[in-house]
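> Sequence plus the predicted model coming up.
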Amino acid sequence: MKKNILFTSLILMGAFASQAQWQPDQRLTNNPSPSNTSLNNAWCVAASGDTVHVAWDDQRTGNYEIFYKRSTDGGLTWGADTQLTNSIYSYDPCITVSGSVVHIVWQEEKDGYYEMYYKRSVDGGVTWDADKRLTTNTSDSWNPSIAVNGQVIHVVWEDERQGNSEIYYKGSTDGGVTWGADTRLTNNPADSWNPSVSVSGPVVHVVWYDDRDGNWEIYYKRSADGGLSWGPETRMTTNTNVSRYPCIAASGSVVHLVWHDDRDGNYEIYYKQSTDGGISWGTDTRLTNAAEISMYPNVAVSGPAVHVVWFDMRDGNYEIYYKRSTDGGISWESDTRLTDDPAFSFYPSVAVSGNAVHVVWQDARDGNNEIYYKHNPTGDPVGINEPLISGNKIGVSPNPFTDEITVSNSKNEPCEIIIYDITSRKIMQKKFTNTVNLNTSLIGKGIYIFEIKNKETILRKGKIVKE
């Protein structure tokens, strides 16, 4: 019965959230030179709690540099631009966050070739450490993607050191202080391009597109041990047309993949999922059905809620569109048009934190490309977090959390906490009296449901989010 209550709550959450409204567009940059989000499907926005982080490349100094901006109130107001690089050409940043630690990777040409560079902030974007050069070879390294789980960071990119583009991987287990050796993930005579990486617990998921079969297809590879070893490649698409620019996101054992594909005569957005951590995959699902092209999807996930953005030509010029599933990708709501202006809106990326969905993109409405932002403050399904018994401090903190949570009950009575994943599978259980700290480092990112109860009744139930 309790599990049925949990699922009923999730259904009600989704119904409520579907009524939420997107807020007006906000212009984040204002200078006479182009400001661009990444062209390689990387995430240019990340969020933790009410703090939203945005990264882009910008030509205001006469050459392209990486810039950063943040909001500490959920996207309502924004701080000043911060220039993170001072080089020749710095492009295509990808940003991620774990608690207050922000991580950025990008490609930079100051060494004669494009190399991978990394930078971090340990205070939520207030100050930044020095740049770290991640690659050293006499060929170009391009198009990075980054994912983090606590102190473990995963970076993938495409690299031409073998004479053609191959996918490479590098990891850090101490929050970006030191880095392991480069690992080559692909080995074929064709080109492998534009990787995307996601992580859930120790399982790392990587996708890219590859023309070894005579046309571009999507490929996938995973590591079950945090990047130490890698399984075989899995070909995700099989058609005689072009499948390109994949983006991947994982929550627990459910993995979500989006890409654009012209099997239907023009580019459409497609989706595929795995419910067993990437071991097996379901069928392709076509998410768009428009007379004009839909391209460059970007995906974020929060438990059963999957959020996809892309740009679309159905309105006569490129606009940003959004689509959501609240049941883990089984069914999808209708498309939502996020922009409406006579100029082109390109290359969106999406992030989720708490109840809010955040989207950034580049937009030419001002005569040159500028960075724009939009958010839906209640666009992600939320759980029941009110105590069932008043006059008593019962709960879990912090929320969102990373690798540890504190469970408390001020009545000082024998209690038990039970944590379920979104499929109602019990993943953690602990008895306590007043306060207990739980190590959650082995739990993947996503939404979880908790119950705190004594012998007779449930004292509190609700949602906790691991970021």
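Sure thing, it's come through.

> The residue nearest the centre of the chain and residue 259: what is the separation?
Compute the mean C-alpha point of the chain, and by Cα atoms, centre = their mean the closest residue is residue 300, 4.5 Å away. Plainly put, residue 300 is 15 Å away from residue 259 if you go by Cβ to Cβ, to the nearest Å. Where you see a C-beta, it was placed from the backbone N, CA and C, and this is true even at glycine.

> ok, now residue 276?
Using Cβ to Cβ, one gets 20 Å for the distance from residue 276 to residue 259.

> Look at the two and report which has more neighbours.
Set side by side, residue 276 and residue 259 show more neighbours around residue 259, with 31 against 10, by other Cβ atoms under 10 Å.

> in what helix or strand does the more buried one lie?
Assignment of secondary structure by DSSP states H and E places residue 259 within strand 254-261.

> Sheet-wise, list the partners of that strand with their directions.
Sheet neighbours of strand 254-261, with direction, are listed as strand 243-251 (antiparallel), strand 268-274 (antiparallel) (DSSP bridges).

> list the contacts for residue 33?
58, 59, 60, 368 (Cβ atoms under 8 Å, 6 or more residues apart in numbering).

> Tell me which residues touch the last one, please.
Counting by Cβ under 8 Å, 6+ apart, residue 368 makes contact with 32, 33, 34, 35.

> Equivalent analysis for the first one, please.
When the contact criterion is Cβ under 8 Å, 6+ apart, the partners of residue 58 are 29, 31, 33, 34, 35, 36, 64, 65, 66, 67, 81.

> Buried subset of the residues you listed as a ChimeraX selection?
Only the buried members of the contacts of residue 58 enter the following ChimeraX selection, criterion being 16 or more other Cβ atoms under 10 Å:
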select :29,34,35,36,64,65,66,67,81
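
> Now render the contacts of residue 58 as CSV, adding distance to residue 87.
Shown next, in CSV, are the contacts of residue 58 (distance: Cβ to Cβ, whole Å):
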residue, distance to residue 87
29, 19
31, 18
33, 16
34, 17
35, 17
36, 16
64, 9
65, 7
66, 9
67, 13
81, 17
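
> could the contacts of residue 58 go into JSON lines alongside secondary structure and distance to residue 212?
Written out in JSON lines, the entries for the contacts of residue 58 read as follows (DSSP: H, G, I helix; E, B strand; the rest coil; distance: Cβ to Cβ, whole Å):
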{"residue": "29", "secondary structure": "coil", "distance to residue 212": "39"}
{"residue": "31", "secondary structure": "coil", "distance to residue 212": "42"}
{"residue": "33", "secondary structure": "coil", "distance to residue 212": "39"}
{"residue": "34", "secondary structure": "coil", "distance to residue 212": "35"}
{"residue": "35", "secondary structure": "strand", "distance to residue 212": "36"}
{"residue": "36", "secondary structure": "strand", "distance to residue 212": "30"}
{"residue": "64", "secondary structure": "coil", "distance to residue 212": "32"}
{"residue": "65", "secondary structure": "strand", "distance to residue 212": "36"}
{"residue": "66", "secondary structure": "strand", "distance to residue 212": "33"}
{"residue": "67", "secondary structure": "strand", "distance to residue 212": "37"}
{"residue": "81", "secondary structure": "coil", "distance to residue 212": "42"}
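
> circling back: narrow the contacts of residue 33 to those in strands?
Counted as lying in strands by DSSP state E, out of those, are residue 58.

> out of the contacts of residue 33, who's nearest residue 282?
residue 58 (39.9 Å; Cβ to Cβ).

> ok, the closest one to residue 25 distance?
Counting by Cβ to Cβ, the gap between residue 58 and residue 25 amounts to 19 Å.
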